[in-house]
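A.B. asks: Predicted model, plus sequence, below.
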Amino acid sequence: MTYIKTFVAALALVVMSAFVATPARAEVDPDMRPALEEALNSTVHIQARGAVDNDGNYRNWTGTGYVVAVEDDRVVIATNCHVACNAVFVWVTSYDGSVRRVRADFITGDDDQDIAFISLDRDEFRSARALPLLAGNPERGEATIALGGPLGLRFTVTEGIMSYPNRKDTGYPTRDGVHQTDAAVNPGNSGGPLVVERNGRYVVAGMNTFIVTRTGLNIGLGFAVPSTDIQRALNSVLADETPVRNTVGVSVTEVENAELLGVTRFYLRQNVSGAYIAAIDPEGVAAAAGLQGGDIIVEVGTTLIRSPDDVVTAVQTAHQDRPLRIRYIRDNGQKQVYVVPSNAWGSELRDGVVASLTEAADNNAAPTSPVQSLLGMNLANPASPAYLQQFAPMLTFTGYQMINSPVVVGLTNGGKAHEAGATVGQFVVGVQFPGMRAMPVRSEEELAAVIATAREANPNLNIMALHTRKLVQTSETTVQVVSAVLYITLD
């Protein structure tokens, strides 16, 4: 079974590399066939296995990758995150047959950019040669070739043109800045190279990742991650560093008509249309600082926002260890918050996912913490100074000394904590049961132990109260500690 990642929109279905082949329009220049063979020799077929499903069967899928670096001790291969990031096991087979289903090691990956890197020992792939990455953008209209394994048919070649380089208006914010092509690719091509000719060689212009279609079939709207994004991440991997991609946790779109949103032009600076927050990550730093969906961002740092691209650029170029000011419009008034951008590159998240998947593969059940199982609430122990810096540009406020407790970093929709009004960013500082005084909480484990002890002493216990605090920035220089009590009904 091939693995396809999908997005559903009002009119369009986005399928991760689910391209459907169309008849070839022209043959490859005979003079370029040796170069094509060279590119194929750098391409690999990937077989992946995930955790067991509800029926007790392993999930298997296929994809494609290509060699991007050959070091003394390892061969580094690029592919899509949706091919490798959620796999417990990944096996690689080479075009020349020298590598046959050899297990690869996962290095790192990022779901938003859909980039991942895996590796083989150098001794296992002695014939490996890196496929060069294009340094800039390809040209509109130039010929493109997609290499991969559509529908399990390994090392297939299809041709198209570069329809639109570095397209930023796909309608999918985390997939913007991608190369559009009409080269035909099917399930199994995910992670394969989209190449163009340069100086008698084929070089990687992008990595096939998704299409846009109304029918589920390819209509010539394919998209690839640009080689420049891959190169930037690869540079960090080769330096044994975690790649960095700043984020504040918002998806923004054009403000087509501010008046329709209830915003008057009086509050928009001249020539600044702003960027509308269409979606916000409830666990991101922007949400923690108080930004909401529907807000219009007009300035990030010193950058005036004229389009969504301006927001992306300003965030990407910001310092990760410094507060970043965001000015925005809400209810016809201009406000501002400070956030510290976080790293969106997902290697740490993937490590946790694979740890859970591996355990699930062994036990046919993913483990959960007692607090998560009972309350539907994920906690981090305790909040670090770096986390607290999201709330203000300065560290000298009394709230810092008051917070030494676990913080809510995730909620199950419809769970007990969610229904009681818990929000991401709240610190759980105490727990109280009927007829008892509130007890302090300093870790998730301590909270779980207190709950277990209380329920053991009173099996009929059906309610508890969580005492919480949350940091809310009320001005450029002021942070307020807001206290709340959450009453949670137990089973």
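C.D. replies: Thanks, I have the structure now. Every value quoted in this text rests on a predicted model; they were computed, and no experiment measured them.
A.B. asks: Relative to Ala448, how far out is the residue of the chain most remote from its centre?
C.D. replies: Here the chain reaches farthest from its C-alpha mean at Gly435, the gap being 45.6 Å by CA atoms, centre = their mean. Using CB to CB, to the nearest Å, Gly435 is found at 21 Å from Ala448. Every residue, glycine included, has its C-beta placed from N, CA and C.
A.B. asks: same deal with Ala104?
C.D. replies: 37 Å.
A.B. asks: So for those two, which residue has more residues nearby?
C.D. replies: Neighbour totals were compared for Ala104 and Ala448, and Ala104 leads with 27 against 19 (other CB atoms under 10 Å).
A.B. asks: pLDDT score assigned to the closest residue to that one other than its chain neighbours?
C.D. replies: Closest residue to Ala104 apart from its sequence neighbours, by CB to CB, 6 or more residues apart in numbering: Ile118 at 4.2 Å. On the pLDDT scale, Ile118 is placed at 96.
A.B. asks: Tell me who's in contact with Ile118.
C.D. replies: Taking CB atoms under 8 Å, 6 or more residues apart in numbering as the criterion, Ile118 is in contact with Ile46, Gly65, Val76, Ile77, Thr79, Ala84, Val90, Val92, Ala104, Asp105, Phe106, Ile107.
A.B. asks: which SS class is the residue farthest from the centre of the chain?
C.D. replies: Three-state secondary structure (criterion: DSSP: H, G, I helix; E, B strand; the rest coil) places Gly435 in coil.
A.B. asks: distance of it from Leu461?
C.D. replies: On the measure of CB to CB, Gly435 and Leu461 end up 10 Å apart.
A.B. asks: quick revisit: the residue nearest to Ala104 belongs to a helix, doesn't it?
C.D. replies: No - applying three-state DSSP, one finds Ile118 to be strand, outside a helix.
A.B. asks: so what's it bridging to?
C.D. replies: Ile77, Phe106 (DSSP bridges).
A.B. asks: can you start the count at 551 instead of 1 from here on
C.D. replies: Okay, residue one is now 551; in that scheme the one you just asked about reads as Ile668.
A.B. asks: hey, where'd the helices end up in the stretch 651-800 of the chain?
C.D. replies: 777-788 (DSSP state H, counting those that start in this stretch).
A.B. asks: what bits of the stretch 851-1000 of the chain have low per-residue confidence?
C.D. replies: For the stretch 851-1000 of the chain, the stretches flagged by pLDDT under 70 are 894, 896-918, 931-954, 963-964.
A.B. asks: in it, which spans are helices?
C.D. replies: 858-866, 897-913, 920-925, 935-938, 948-952, 966-969, 994-1007.
A.B. asks: where does Ala1034 land in three-state SS?
C.D. replies: On the basis of three-state DSSP, Ala1034 is classed as strand.
A.B. asks: what pLDDT does it get?
C.D. replies: Reading off the model, Ala1034 has pLDDT 79.
A.B. asks: Could you pull up the residues touching it?
C.D. replies: Listed by CB under 8 Å, 6+ apart, the contact set of Ala1034 reads Gly971, Gln976, Thr1018, Arg1019, Lys1020.
A.B. asks: Was I right to think the fourth one contacts Ser1033?
C.D. replies: By that I understand Arg1019. Yes - the criterion here is CB atoms under 8 Å, and Arg1019 meets it with Ser1033 at 5.3 Å.
A.B. asks: neighbour count winner among these two?
C.D. replies: Between Arg1019 and Ser1033, counted using other CB under 10 Å, Arg1019 has the larger neighbour count: 19 against 12.
A.B. asks: Which of the helices or strands spans that one?
C.D. replies: Following DSSP states H and E, one finds Arg1019 within strand 1013-1025.
A.B. asks: with the contacts of Ile668 in mind, which one is nearest to Val991?
C.D. replies: Closest approach to Val991 among the contacts of Ile668 (CB to CB): Phe656, at 35.4 Å.
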